[in-house]
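no letters, just coordinates:
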């Protein structure tokens, strides 16, 4: 099937042609016709399947056909809610690219930056609003946003909303939307809470399920190195000695771990940057831009910050820490091997992470190739040394806890003595 067979406006087809799009992906092929018919949609699709175009293209067409050009005001006609700043920005870029020539206005709002420019754009009128939940609620409470005229509502990455604790925010936003509207709901996984939310907001939806979360692209080669945790950073530097690896996206479990690893790599003359939720929006955008431009060879990211990162021709993804949820592994390696391109997913697996590896292999239904030929194999002596190191760290942690308790008790006694002095 071609995009030309979907009944799209000439302006949209022209934009798609300039972008080099000719054939819709499976989710686009199914979702676009249903959306154009005004159907509510429940879509289960993982990152990288093309779902942004699946909902934004029909939105642009439907709004373009219904908009009154004689109206001086532009009330918000469509709301797209998404969990992260990066994904919101990516969706806004796609709307801009697909909607050239339609004369529609879109605004993207998210936290971490000054609200002033966002408020000014809202005052100028907007057809499509792309937002993260926190900033949306904030500006609604300040009276800058009115959702009474919304005809189209898209909830994207619903499972990630749950992971990030946004469900309560969503439940505050939903009552502010008109009852009569078209809703499109997308999630990579469908846990019970998300399924209940879908039932709550969708009316007789058409269900679309493409590329189940257990699937990984055939073009992505998956390998794993078994290595003790203290030696992971050295093994990563060894892997990056391969000059064929021009750029690599590395996943860290924690924000602090991402910062530490980026600093270690930088000291080893491997230009690196970290990206996570505690970074300012400017710092995140700068790190991503430098990585895309080749100024940074490695981008170390947490899972939440990486959601929405769209990097063309990314050939290498590395799991520095294996995720404890196997579905997260599938999302991670989905950053490479897109659009038929080949990619390599590398995982560094510590002894304590082996149960996670078994869960991943069970989900993807395949054994991941083990690379044994490396300078940091797990030997009996190395394990014994590692266990002693962990005991030493545990003792140090216990001493720090005891010192903090003593310090807190001393401060409490000091406060009591001061109060007694004041009474006297």
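That came in fine, so what should we check first? The model shown is predicted, which means the values in this text are computed figures rather than measured ones.

low-confidence ranges, the stretch 101-250 of the chain, go.
Confidence mapping of the stretch 101-250 of the chain against pLDDT under 70 gives the ranges 211-217.

how many residues are close by residue 41?
Residue 41 has 24 neighbours, counted by other C-beta atoms under 10 Å. Bear in mind the C-beta positions are built from the backbone N, C-alpha and C, glycine included.

thought residue 185 was touching it, still the case?
Yes: with contacts counted by C-beta atoms under 8 Å, residue 41 reaches residue 185, the gap being 6.8 Å.

common neighbours of those two, please.
Counting by C-beta atoms under 8 Å, 6 or more residues apart in numbering, the common neighbours of residue 41 and residue 185 are residue 205.

who does the helix or strand hosting residue 221 touch, helix- and strand-wise?
Here residue 221, judged by DSSP states H and E, is contained in strand 220-226. Contacting strand 220-226 under the criterion 3 or more C-beta pairs under 8 Å, 6 or more residues apart in numbering; DSSP states H and E are the following elements: strand 343-349, strand 369-370.

in its sheet, what does the longest one sit against?
Just to be clear, that refers to strand 343-349. In its sheet, strand 343-349 lies beside strand 220-226 (parallel), strand 316-319 (parallel), with partners assigned from DSSP bridges.

by contact count, what packs against the following helix or strand past the strand holding residue 221?
Along the chain past strand 220-226, the next helix or strand (assigned with DSSP H and E) turns out to be helix 232-239. Helix 232-239 sits against helix 255-267, strand 343-349, with contacts defined as 3+ C-beta pairs under 8 Å, 6+ apart.

would you mark the buried spots in the helix or strand just after the last one?
Put plainly, it is strand 343-349. With elements assigned by DSSP H and E, the helix or strand that comes after strand 343-349 is helix 354-364. Within helix 354-364, the residues scored as buried using 16 or more other C-beta atoms under 10 Å are 356-357, 359-361, 363-364.

go on, stretch 246-265?
Residues of stretch 246-265 classed as buried: 247-253, 255, 257-259, 261-262, 264-265 (neighbour count, 16+ other C-beta under 10 Å).

just the residues you listed now: which is nearest residue 90?
residue 249 (15.2 Å; C-beta to C-beta).

just to revisit the earlier point, make TSV out of the buried residues of helix 354-364 and add pLDDT and distance to residue 197.
What follows is the buried residues of helix 354-364, written out as TSV (pLDDT from 0 to 100; distance: C-beta to C-beta, whole Å):
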residue	pLDDT	distance to residue 197
356	94	28
357	95	32
359	91	26
360	91	27
361	93	31
363	85	24
364	86	27
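
on that earlier part again, out of the helices and strands packed on strand 220-226, which gets nearest to residue 175?
With distances scored as C-beta to C-beta, the stretch of those nearest to residue 175 is strand 343-349 (42.3 Å).

which residues does the closest one contact?
For strand 343-349, the surrounding residues in contact (C-beta under 8 Å, 6+ apart) are 216-217, 219-227, 232, 235-236, 239, 314-322, 329, 332-333, 336-337, 356-357, 368.

that strand - what's its average pLDDT?
The average of the pLDDT scores along strand 343-349 is 94.

run the chain-centre distance for that strand.
Strand 343-349 sits 19 Å away from the centroid of its parent chain (C-alpha atoms, centre = their mean, to the nearest Å).

in the protein, where's the longest helix?
When the chain is parsed with DSSP state H, its longest helix is helix 380-423.

if we can go back for a sec, nearest to residue 129, of the buried residues of stretch 246-265?
The shortest separation between residue 129 and any of the buried residues of stretch 246-265 is 28.8 Å, and it belongs to residue 255 (by C-beta to C-beta).

burial count for the residue nearest to the closest one when sequence neighbours are not counted?
Taking C-beta to C-beta, 6 or more residues apart in numbering, and ignoring the residues beside it in sequence, residue 255 has residue 276 as its nearest neighbour in space, at 4.1 Å. The number of residues packed near residue 276 is 22, by other C-beta under 10 Å.

isn't residue 276 up against residue 258?
Yes: counting by C-beta under 8 Å, residue 258 is a contact partner of residue 276 at 5.2 Å.

between these two, which contacts overlap?
In contact with both residue 276 and residue 258: 252, 301-302, using C-beta under 8 Å, 6+ apart.

just the ones of the residues you listed in helices?
Among the shared contacts of residue 276 and residue 258, no member falls in helices (criterion: DSSP H).

now, those residues that are in strands?
Secondary structure assignment by DSSP state E places residue 301 of the shared contacts of residue 276 and residue 258 in strands.

in JSON lines: the shared contacts of residue 276 and residue 258, plus pLDDT and distance to residue 6.
Compiled in JSON lines, the shared contacts of residue 276 and residue 258 are given as follows (pLDDT from 0 to 100; distance: C-beta to C-beta, whole Å):
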{"residue": "252", "pLDDT": "93", "distance to residue 6": "40"}
{"residue": "301", "pLDDT": "90", "distance to residue 6": "34"}
{"residue": "302", "pLDDT": "86", "distance to residue 6": "37"}
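
nearest to residue 178 among the shared contacts of residue 276 and residue 258?
The shortest approach to residue 178 among these belongs to residue 302, at 36.1 Å (C-beta to C-beta).

how near is that closest one to residue 116?
28 Å (C-beta to C-beta, to the nearest Å).

same question, residue 222
With the distance defined as C-beta to C-beta, residue 222 ends up 46 Å from residue 116.

which of the two has more neighbours?
Here residue 222 and residue 116 are compared on neighbour count by other C-beta under 10 Å; more neighbours surround residue 222, at 22 against 8.

what sits against the more buried one?
For residue 222, the contact set (C-beta under 8 Å, 6+ apart) comprises 216, 333, 345, 347, 364, 366, 368-369.

if any of those are buried, put those into a ChimeraX selection.
Selecting in ChimeraX just the buried members of the contacts of residue 222, where the criterion is 16+ other C-beta under 10 Å, is done with this command:
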select :216,333,345,347,364,368
